[in-house]
Each structure stands twice: as structure tokens, then as C-alpha cells.
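> Provided below for reference: sequence and predicted model.
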Amino acid sequence: MKPNILIAIIVLCLGAAACQQPSSWASDTDLGGDADGADGDADVDTTWPDASPDSGMDADEMDLDADETDLDADETDIDADEDPPPIDCVVNGHTVDEPACGWLHHIGRDVVPLLEGTRDERLDDASIVAWWSLKEGVLYLSNPVVYSNCNFTTGDARIGPLDVCPSGRAWQVGLAAVQVPNYSLSAVEATAARLFPGRTIASVLEATAIEAGLDAASVDAVVASTGDLRKSWLLRTSAVGFTHQVGTVVAECIDSSRSWCFGSGWDTSRWFASDREAAMTSIEDIRAIFDALAP
């Protein structure tokens, strides 16, 4: 073999050896460290080996990092789909604070799907009743499900979860702020059976009492209740209360203008029901909130 050719072969071999990445550098550098939530700088050996990696090796690693970054972005997109941004609660130009905003979200997500009719009909019905409850101030309670307000001859007063309002007096309960005397027990039980097929009335009462935060003994008392107390707790089952209340609100406040529907006597009425126009705008805004939340 000619000497010049031999020298060239030796030079090429030495160059290839110098360009080869040492195995110790590959093992010391953890490209997935950041993905594990650790500080990547703390895990990476930043001391370069004697043989510096060529630009091709760097580019490959950078491409791998980019791929990992793309994967993180894809995962973020998935999380965004699972947890959509919160829906603002602005009704009639007024920002609805907590806990009322949270209860509006609860109605949109959890009550609307339980109502009867098409999706549009469910949204209409729920927004009308939610407007009534919002302007009554009930949604600003920490737990409206347990709410029970009786009109005594001396005025309105809250009563306990197992108390019964005297016969013939206005008695407002639950998330729907519905009047107990307006409906018969048989009608309310029929509604519960229709909305929750395959479940017993006792199981519906139990679930509602638990949602209201009652202790075990009180839950048992609700399940065993009869008469007006039983009716009041079925109406505190939100889907049942909304189903019965919507007809009353439409008749009194939309098709008519009863004195208790509109006014500025207290803050929530002034914000959401100062007059018919404010009420209709409020209902439209609530419906938009529900439309963004309801399945």
C-alpha cells in the first residue's frame, strides 16, 4: 500500500474516534429530568468530556428536547379540554360573587341535565328559576339546599331542617326557593319518580338530606318523614323543586307582573330584578352561563 494512502486512512480513523460520543456523557445527561418535575440543571453533569460532541450530536439532542416539549404541549391541551376555564358570572352587568356564582355553576352542570324536555327547554326552565332564586338572595347562602324560611304572623324567619311551617303560611325552601304550600305531596312524589326512574322516594330523600349537610340522625328523620315535611324535602331535591317552580315563576313574573317579582327593596332584587327589563336581561345572562356549562 502506498504511504500517502496509509496516512490518509489513519487520519480518517482518528477523526471518527474523536467524533464519537463517549458513553459516560450520554448516561450522565438525563434529558427526561424536567419531565419528572425535578430541576434539570441539578441532574445534568455539565462537565463536557475531552472529546467535544459535534454539532450533529447537539442537534439530535435538541430535536429530542423539542419533541419532549411538543409532548408536554399536547398533554397541556388534553388537560385544558378536561378542565375548561371557569365561566364568569356576570348577570345584568353585575358580577355575581361567591358562593352564588358557584351555585350557578352547580345548577348548570348538575341540575340542568336532570330536568325534562329538550336541551333548550331545560336551559330556559333552569334560567328562569335560577333568576328567581338569585334575586331572592337564596343563592348567596352557603348551602341553599337546607334553606327553609317560614312566614309567621310576626314576619319571616328561618326554621330548622325538621321543622314545619304552620298551615296556610308562605314557606320557601331549597335551591329553587319554591313555595311548599303550592303543590300536593302526591304531585311532588310523582315528579320525583319521573325524574329519577329506578330509584325509591326514600333514596331521593336520603341523597337530598346528605347534600344539605344533615347529620345521620336527621337524614334518617327526613327519609321517614311524612306530610308537609316530606313534601318540603322532595322540593329541596333541586331538580324536583325547579320542575315545579318554573310554572309558578312564569305565571307570576313573566306572563304577569306580581308585586313580589320586581323591585329594589334589597340588594339582590335591585341587582337582578329592579324592573321587568332587568329581570329579562338577568334571565338571558344566566341562560348563557348554563349554556356554556350544561351537557
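Right, received. Where do you want to start? Residues are numbered from 1 along each chain as shown.
> Let me see the ranges of the helices in this protein.
Ranges of helices within the chain are 3-19, 23-28, 40-43, 55-82, 100-106, 119-135, 185-195, 201-211, 216-223, 227-235, 238-249, 267-272, 276-293, based on DSSP state H.
> and the second one, average pLDDT?
What it means is helix 23-28. The average pLDDT for helix 23-28 rounds to 35.
> Give me the below-cutoff pLDDT ranges for the protein.
Across the chain, the ranges flagged by pLDDT under 70 are 1-86.
> cutoff 90 now
1-88 (pLDDT under 90).
> distance of residue 281 from residue 236?
Separation of residue 281 from residue 236 (Cβ to Cβ, to the nearest Å) stands at 29 Å. Every C-beta, even on glycine, is put in place using the N, C-alpha and C of the backbone.
> These two: which is more packed in?
residue 236 (27 against 15; other Cβ atoms under 10 Å).
> buried sites along stretch 113-128?
114-115, 122-128 (16 or more other Cβ atoms under 10 Å).
> Adding distance to residue 163, write the residues you listed out as CSV.
As requested, these are exported to CSV (distance: Cβ to Cβ, whole Å):
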residue, distance to residue 163
114, 27
115, 29
122, 32
123, 34
124, 34
125, 29
126, 28
127, 31
128, 29
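> Go ahead and name everything in contact with stretch 209-225.
Defining contact as Cβ atoms under 8 Å, 6 or more residues apart in numbering, one finds that stretch 209-225 is touched by 143, 145-146, 161-162, 202, 205-206, 208, 229-230, 233, 236.
> same thing but at 6 Å, please
Contact with stretch 209-225 is made by 143, 145-146, 161-162, 202, 205-206, 233, as judged by Cβ atoms under 6 Å, 6 or more residues apart in numbering.
> Repeat that for stretch 165-180.
By Cβ under 6 Å, 6+ apart, the residues outside stretch 165-180 that reach it are 129, 132-133, 136, 138, 144-145, 148-151, 231-232, 235-236, 238, 241-242, 244-245.
> again, 8 Å this time
Contact partners of stretch 165-180, identified using Cβ under 8 Å, 6+ apart, comprise 103, 107, 111, 129, 132-133, 136, 138-139, 144-145, 147-153, 159, 181, 228, 231-232, 235-238, 241-242, 244-245, 248.
> try stretch 247-255
128-129, 131-132, 178-179, 182, 258, 260-262, 279.
> Show me which positions of it end up buried.
Buried residues in stretch 247-255, counted by 16+ other Cβ under 10 Å: 248-249, 253-254.
> Surely residue 127 touches residue 281?
No - assessed by Cβ atoms under 8 Å, residue 127 is found out of contact with residue 281, at 11.5 Å.
> how deep is the nearest residue to residue 180 once chain neighbours are set aside tucked in, by neighbour count?
Counting by Cβ to Cβ, 6 or more residues apart in numbering, residue 171 is the residue found nearest to residue 180 once chain neighbours are left out, at 4.2 Å. Residue 171: 24 surrounding residues under other Cβ under 10 Å.
> now swap in the one 10 residues further on and tell me
Using other Cβ under 10 Å as the criterion, residue 181 is surrounded by 15 other residues.
> before we move on, what about residue 197?
6.
> Equivalent analysis for residue 112, please.
The number of residues packed near residue 112 is 23, by other Cβ under 10 Å.
> so how far is residue 120 from it?
Residue 112 is 11 Å from residue 120, by Cβ to Cβ.
> next one: residue 99
28 Å.
> Show me the two of the contacts of stretch 209-225 that sit farthest apart.
Within the contacts of stretch 209-225, 143 and 202 form the most distant pair, 21.9 Å apart (Cβ to Cβ).
> rewinding a little: take the contacts of stretch 247-255 and lay them out in CSV including distance to residue 191.
What follows is the contacts of stretch 247-255, written out as CSV (distance: Cβ to Cβ, whole Å):
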residue, distance to residue 191
128, 17
129, 14
131, 21
132, 18
178, 11
179, 15
182, 13
258, 24
260, 24
261, 24
262, 28
279, 26
